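Colleague: A structural model of the following input is requested.
(chains A and B)
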Amino acid sequence: MEPIPSNYYDLFGLEHRLALDPRDLEKRFYSLSRKFHPDLYTLKSPEEQQYALDATAILNDAYRTLRDPLTRAEYLLKENGFDIGEQGSKNVPPELLEEVFELNMALEELRGGDEEARAALAEAQKKFAGMRDDIDRELETKFAEYDRTRNRDVLSEIRGSLNRRRYVRNLVNEVEKELVETTDAPR
Amino acid sequence: MTPLQIDFGKDQQEPVVGIDLGTTNSLVAHMDLTHPRVIPGEDGDRLVPSVVTLTRGGEIIVGNEARKALISEPDRSVYSIKRLMGRGVEDIQEELKLFPFRVVEGSEQVIRIKLGERTFTPPEISAFILRQLKANAEAVLGVQVRKAVITVPAYFNDAQRQATKDAGRIAGLEVLRLVNEPTAAALAYGLDKRRDGIVAVYDLGGGTFDISILKLHDGIFEVLATNGDTHLGGDDIDNRLIRIALEDIQNEWGEDVSHNGEAVQLLRRAVIEAKERLSFVPAANIEYEFKGRKYQREITRELFEILIADIVDRTLGPCRNCIKDAELAVEQIDEVVMVGGSTRIPMVRNAVEVLFRAKPHTDLNPDEVVALGAAVQAGILSGNVEGQLLLDVTPLSLGIETMGGVVSKLIHRNSTIPASATESFTTAVEGQRNVLIHVVQGERELARDCRSLARFDLKDIDPLPAGMARIEVRFLIDANGILNVTARDARTGKEQSVDVKPSYGLTDEQVEAMISESIDRAAEDFKARQVAEAHVEADTILAAVEKARKNDAYFELSEEERREITKSVNELLVVYHADDHLLIRSKIEQLNNVTMKLAEMMMNTAVKSALKGTKI
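Modeller: Numbering: from 1, shown residues only, chains lettered A, B, ... in the order given. Below you'll find the model as predicted:
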């Protein structure tokens, strides 16, 4: 029983890059699953069964992390000694201060029963969703840049973008939830 | 079906059967050389009704016989026990209003159900059903069956899965794997119909609803997302019809029969018959007769659909969430496979067709496809089926309760299993020896709104200043969807002992006790059967001797010979009630020997008179 690499990239036999081809990753995941899955070890010794269970748990966690570009970037940042946490996304990015203030006002008005705020919120939601898509495009460019240059400054920029993106995503989700809940309420 | 690759060198190995332990019916299937096949019971029926009765003689009966007894002995019978698996008393209050479960007082951690004068836990009752299926398989396969794959609703939580596994152990089965029902159905469907693509499985059974979306690719069955409701099914439809009929009956007869077990069970059967006919004809009658009084009511499909609309509607929310979680647009789903008896209802089919914008796939027998898939999975596990692999997910997020009762999620729903997460814990006060971790399952943010799974007590922590201890706890959901917890002292690397207190369900010791009890009972049951058989033989010979004593031939015997017969008859009567089949048999043998001559003489007389007869 060979030891399972604890590094997710190494487990998949991949270079430590930010841009990955999802189809290639899936192919590797399927082929490693066929090697390690507990279903194929039912008749083996208890040690081998435990090995299959542990290996597959790591494999599944690794696939889940690398499949999504955002969690993948966080993983690579952590690997490179960057501190990743929810903390960064709780502070309002300075360039968004004004918009977030207006959004919170509108949210309060809607909760207070002011239906006119609904249109403003829907508008804001659209704007923030657009912002999120912009950040995604920006990240894609930076991923390629890092893979080419291996420049730590680019990683630092990526961390900033990830924090901003998480903040914006939370906003979009919150507005969406509020719009749905207040629509359901009068029933 | 496409023939599977089979290794013929493995034919002498122990069989592994696939079992669909259903709310209404249960089935057992096995993999023959090329295909999965359902194994019928002694009565030839492929479906074994999930009904258990404790007879007045103290015998347990299961299946069609028990279904009959449900009417004559409602207080000694139980059905739909699956609804109570892995649940606590407070979360079955709705159930108790609709189902005649006789829950024993004081069933806090484990529910106990009364059947006649005895009480049983839901896993024990399920074990009776499993034992029947095991016996059915053994009768057909001709060998002992000790290993099985059992299916569970995909949306079953940890406690419900654990209860199912316990039932297997109590029945004397090693449960090699719990497989999610829609996934099993997809496996049977995938081998038969399609090898690549995105498939949704809509499974509306007797008591549970599941929706799963899978990606099929070259023998890999990857579940992308699952959702459901473990308390939604055909039973709910039956209860609607029963309620209407009970109201009618009260109006017509001026009598409330809703508390009469026999009356309600008869009515239940009548409404099910009408419901099933309604899938094929535009109107059907509920025909009911109780103690000479009759009730009849026509139910049109139109009325039926008004009655069940909200039940059908309740399946659609989970479907939409499942599509969203799979990150798919509805157009990307190639086909919807229909599983479970309730998918025969035209309204259900229409709703699915509208939501998924695709004609549902109804070619497979919706009652059997899950058991067939379980048999295929059994084949995969025993190495008889090659090239196929299931990658399933956990239906519910797993988290721990933190400060203020807020849940911190460790493993998210729809994560491929096995899945794991590691979390560090420390102490809050100096010298603290224990840390209690409360693990919950569910999507809500507060622990009290989630399902409590268990409390894990990290014991014997080295006494250290506050915050200095570091215990790493690993939460692992295995391929059965069941949680395993291990802990390690990060400072010393030593294994840390963990004491598990499940919130619902049986402890390991309780299961062990039930297993040994069931072995004792099995020996008792066997002995009882032997005695019963000896009684039948004794009755036969006693009756024959009684008759022979009136025959002329009897008086041709010597006095000595007649005395011998009388003595043997009396001796047999003496041992008759001794509950010792060997003793009874020896006396039968003795009586047989002393009446041999008499039998021959009678035979000769018969032949003579017969010959005489031909001359006339």
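
Colleague: Just the closest residue of the stretch 251-400 of chain B to chain A, please.
Modeller: B:L381 (4.3 Å; Cβ to the nearest Cβ). Yep, even glycine has a C-beta here, placed from its N, CA and C like the rest.

Colleague: so how many other residues sit close to the closest residue to chain A within the stretch 101-250 of chain B?
Modeller: Residue nearest to chain A within the stretch 101-250 of chain B (Cβ to the nearest Cβ): B:I220, separated by 5.2 Å. Other residues within reach of B:I220, judged by other Cβ atoms under 10 Å in any protein chain shown, total 22.

Colleague: for chain A, what are the nearby residues on the stretch 351-500 of chain B?
Modeller: Neighbours of chain A within the stretch 351-500 of chain B, by Cβ under 8 Å from any Cβ of the partner chain: B:377, B:380-383, B:389-391, B:415-421, B:476, B:478-479.

Colleague: Emit the PyMOL select command for whichever of those residues are buried.
Modeller: Paste this into PyMOL to select the buried members of these, with burial taken from 16 or more other Cβ atoms under 10 Å in any protein chain shown:
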select buried, chain B and resi 377+380+381+382+389+390+391+415+416+417+418+419+420+421+476+478+479
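
Colleague: Model confidence at the residue lying closest to A:D147 once chain neighbours are set aside, what's the number?
Modeller: Closest residue to A:D147 apart from its sequence neighbours, by Cβ to Cβ, 6 or more residues apart in numbering or on different chains: A:R17 at 4.7 Å. Predicted confidence (pLDDT) for A:R17: 92.

Colleague: ok, now A:F36?
Modeller: You'll see A:F36 listed with a pLDDT of 95.

Colleague: Contact partners for it?
Modeller: Contacts for A:F36 (Cβ atoms under 8 Å, 6 or more residues apart in numbering or on different chains) come out as A:A52, A:A55, A:T56, A:L59.

Colleague: give me the low-pLDDT residue ranges for the stretch 201-350 of chain B?
Modeller: Within the stretch 201-350 of chain B, no stretch has pLDDT under 70.

Colleague: For chain B, which helix extends over the most residues?
Modeller: helix B:508-548 (DSSP state H).

Colleague: if we can go back for a sec, of the residues of the stretch 351-500 of chain B next to chain A, which belong to helices?
Modeller: Members of these lying in helices (criterion: DSSP H): B:Q377, B:I380, B:L381.

Colleague: pretty sure the last one contacts A:Y41?
Modeller: Meaning B:L381. No: B:L381 is not in contact with A:Y41 according to Cβ atoms under 8 Å; the separation is 9.3 Å.

Colleague: Show me what from chain A comes close to chain B.
Modeller: Within chain A, the positions lying close to chain B (Cβ under 8 Å from any Cβ) are A:30, A:33-34, A:37-40, A:42-43, A:53, A:56-58, A:60-61, A:63-64.

Colleague: Just the buried residues out of those residues, in ChimeraX syntax.
Modeller: The following ChimeraX line selects those of the residues of chain A next to chain B that are buried, judged by 16+ other Cβ under 10 Å:
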select /A:30,33,37,38,39,40,42,53,56,57,58,60,61,63,64
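
Colleague: so who does the residue nearest the centre of chain A touch?
Modeller: Nearest residue to the geometric centre of chain A (Cα atoms, centre = their mean): A:L70, 3.6 Å. A:L70 makes contacts with A:L139, A:L162, A:R165, as judged by Cβ under 8 Å, 6+ apart.

Colleague: give me that answer again for 7 Å
Modeller: A:L162 (Cβ atoms under 7 Å, 6 or more residues apart in numbering or on different chains).

Colleague: same deal with B:I380?
Modeller: Contact analysis of B:I380 by Cβ under 7 Å, 6+ apart lists A:D39, B:Q388.

Colleague: Which residues does stretch B:315-327 contact?
Modeller: B:204, B:209, B:211, B:213, B:224-229, B:232, B:330, B:351, B:355, B:414.

Colleague: Determine which two of those residues are furthest apart.
Modeller: The span of these, defined through Cβ to Cβ, is set by B:A351 and B:N414 at 23.5 Å.

Colleague: B:L246 touches B:S258, doesn't it?
Modeller: Yes: in this structure, B:L246 is within contact of B:S258 by Cβ atoms under 7 Å, at 5.0 Å.

Colleague: which one of these two has more residues nearby?
Modeller: Legend: neighbour count by other Cβ under 10 Å for B:L246 and B:S258, higher for B:L246 (17 against 14).

Colleague: How about the contacts made by the more buried one?
Modeller: B:V257, B:S258.

Colleague: Now it: which helix or strand?
Modeller: Per DSSP states H and E, B:L246 falls inside helix B:234-253.

Colleague: Now find how far off-centre that helix is within its chain.
Modeller: Its chain's average C-alpha position is 27 Å from that of helix B:234-253, according to Cα atoms, centre = their mean, to the nearest Å.

Colleague: Not counting the helix or strand that it is followed by itself, show me its contacts.
Modeller: Per DSSP H and E, helix B:234-253 leads on to helix B:261-278 as the next helix or strand towards the C-terminus. Contacts with helix B:261-278, where a contact means Cβ under 7 Å, 6+ apart, come from B:70-71, B:74-75, B:100, B:237-238, B:241-242, B:245, B:257-258, B:284-288, B:290, B:299, B:301, B:304.

Colleague: what are the C-alpha coordinates of stretch B:550-565, in PDB please?
Modeller: Extracted C-alpha coordinates of stretch B:550-565, given in PDB (Å, rounded to 0.1, in the frame of the first residue of the first chain):
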ATOM      1  CA  LYS B 550     -63.900 -49.900  15.100                       C
ATOM      2  CA  ASN B 551     -62.800 -52.200  12.200                       C
ATOM      3  CA  ASP B 552     -63.600 -55.900  12.300                       C
ATOM      4  CA  ALA B 553     -59.900 -56.700  11.900                       C
ATOM      5  CA  TYR B 554     -59.300 -55.100  15.400                       C
ATOM      6  CA  PHE B 555     -61.300 -57.900  17.000                       C
ATOM      7  CA  GLU B 556     -59.400 -60.600  15.200                       C
ATOM      8  CA  LEU B 557     -56.300 -59.500  17.100                       C
ATOM      9  CA  SER B 558     -55.200 -61.400  20.300                       C
ATOM     10  CA  GLU B 559     -56.100 -59.800  23.600                       C
ATOM     11  CA  GLU B 560     -52.300 -59.300  24.200                       C
ATOM     12  CA  GLU B 561     -52.000 -57.400  20.900                       C
ATOM     13  CA  ARG B 562     -55.000 -55.200  21.700                       C
ATOM     14  CA  ARG B 563     -53.500 -54.400  25.200                       C
ATOM     15  CA  GLU B 564     -50.200 -53.400  23.500                       C
ATOM     16  CA  ILE B 565     -52.000 -51.000  21.300                       C
END
